[in-house]
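I'll drop the sequence and a predicted model, then ask my questions.
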Amino acid sequence: MKLNKWMAATALVALGWQTQASADDLVVAAAASLTNAFTELGVQFQQAHAGTKVLNSFAGSDTLAQQVIQGAPIDVFASADQKAMDKAVAAGSIVEGTRRNFVRNEVVLIVPADDRIGIKSVADLQNDKVTRIALGNPATVPVGRYTKASLEKSGHWESLKQHEVLGQNVRQVLDYVARGEVDAGFVFATDAAIMPDKVKVVQKLESPIPVLYPIALVKRDGSNPQARDFVDFVFSPQGEQTLAKYGFSKP
């Protein structure tokens, strides 16, 4: 269904974007772990394209994929894993040939900065003093899927899941650990890096699934013509430098 400008603006409001959102804005839906990097990329793109306004929507990748599939006025979709992007592709919501991996990440085990249990590795989570472990919901959150796959491979999943505290996106998991509401948590390395005074990384997980982030153009009537330029900007030297600044590496 083709959205007219009033319908598109209404849809933007329904999705939680600012009420002054216009159907002419460039709308980027990106995984929560991309919040800091894509906020800066949006500002940089606006500076290079006078009159353009970039609106970012950050959430769990599966949530964003569903918005894309349901026809929300989104121009660019950047996911934290392949599964969420696969769903959008299968629904016919992605422009064919535009899907590309643009960054790589890692999953890490973190603890509060004032950790008193002495957790140094995943094995230490077997300690009887550990009662709450935060991770993204594997059913809907990429970091949760990566975490589950890693722990299943190492043989720790079944014993640790009984203490799970599920987050709806990676930033929620990070907040749980930063506030000391859990004993430990699993997040992306780039998320841990933004709170070095509140959390500390104790181990990097070996992921059987490469932690690669895909980006693509969303197929919809009335898409912003500058969407392709934005994706190209992400892959430009300036875009890659900004992503590297926030800890992302090349795929």
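Yep, it's here.

Could you pull out the strands in the stretch 51-200 of the chain for me?
Secondary structure of the stretch 51-200 of the chain (DSSP state E, counting those that start in this stretch): strands at 54-59, 76-78, 100-104, 107-112, 133-136, 164-167, 184-188, 199-204.

gap between stretch 55-72 and the chain center?
Distance of stretch 55-72 from the chain centroid (CA atoms, centre = their mean, to the nearest Å) equals 11 Å.

For the residue nearest the centre of the chain, give the beta-bridge partners.
With distances taken as CA atoms, centre = their mean, A31 lies nearest the centre of the chain, 2.5 Å away. When bridges are called by DSSP bridges, A31 pairs up with A59.

Test my guess that it contacts V141.
No - A31 is beyond contact range of V141, at 9.3 Å (criterion: CB atoms under 8 Å). Backbone N, C-alpha and C define where each C-beta goes, glycine included.

list the residues that contact both of those two?
60-61, 169-170 (CB atoms under 8 Å, 6 or more residues apart in numbering).

What count of nearby residues applies to L166?
17 (other CB atoms under 10 Å).

List the contacts of it.
Going by CB under 8 Å, 6+ apart, the list of residues near L166 reads 134-137, 144.

what's the answer for E181, then?
132, 134, 165.

out of those, which are buried?
Taking 16 or more other CB atoms under 10 Å as the criterion, what is buried in these is 134, 165.

could you dump the contacts of E181 to TSV with pLDDT and distance to A88?
As requested, the contacts of E181 are arranged in TSV below (pLDDT from 0 to 100; distance: CB to CB, whole Å):
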residue	pLDDT	distance to A88
R132	98	33
A134	98	27
V165	98	28
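
In a markdown table: the contacts of E181, plus distance to Q226.
A markdown table is the format used below for these (distance: CB to CB, whole Å):
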| residue | distance to Q226 |
| --- | --- |
| R132 | 45 |
| A134 | 38 |
| V165 | 41 |
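
Among the contacts of E181, find me the one that's closest to V201.
A134 (14.4 Å; CB to CB).

hey, what's the closest one bridged with?
V165, G185.

Now stretch 103-112: buried residues?
For stretch 103-112, using 16+ other CB under 10 Å, the buried residues are 103, 105-112.

Now that stretch: average pLDDT?
Per-residue pLDDT over stretch 103-112 has a mean of 98.

Which of the strands of the stretch 51-200 of the chain sits closest to Q46?
Between those, strand 54-59 lies closest to Q46; by CB to CB that is 5.6 Å.

The residue nearest to the centre of the chain and K129, how far apart?
Separation of A31 from K129 (CB to CB, to the nearest Å): 33 Å.

now do A139
Taking CB to CB, one finds A139 at 28 Å from K129.

likewise V177?
Distance from V177 to K129, by CB to CB: 16 Å.

Compare neighbour counts for the two and give me the winner.
V177 (31 against 10).

Show the contacting residues for that one.
Contacts of V177 by CB under 8 Å, 6+ apart are 110-112, 134, 184-185, 187, 198-199.

hmm, try it at 10 Å
109-113, 115, 132-134, 165, 167, 183-187, 191-192, 195, 198-200 (CB atoms under 10 Å, 6 or more residues apart in numbering).

before we move on, what about Q162?
Counted by CB under 10 Å, 6+ apart, Q162 has contacts 131, 133.

Likewise for V111?
117-120, 124-125, 130, 177, 180, 182-185, 199-203.

swap the cut-off to 8 Å and go again
117, 119, 177, 183-185, 199-200, 202.

Nearest to Y246, out of these: which one, please.
Nearest to Y246 among those, with distances taken as CB to CB, is V199, at 15.9 Å.

right, and D24 touches N224 too?
Yes - the criterion here is CB under 8 Å, and D24 meets it with N224 at 7.2 Å.

residue ranges for the helices of the stretch 101-250 of the chain, please.
Assigned by DSSP state H, counting those that start in this stretch, the helices in the stretch 101-250 of the chain fall at 142-154, 157-160, 170-178, 189-192, 227-234, 237-245.
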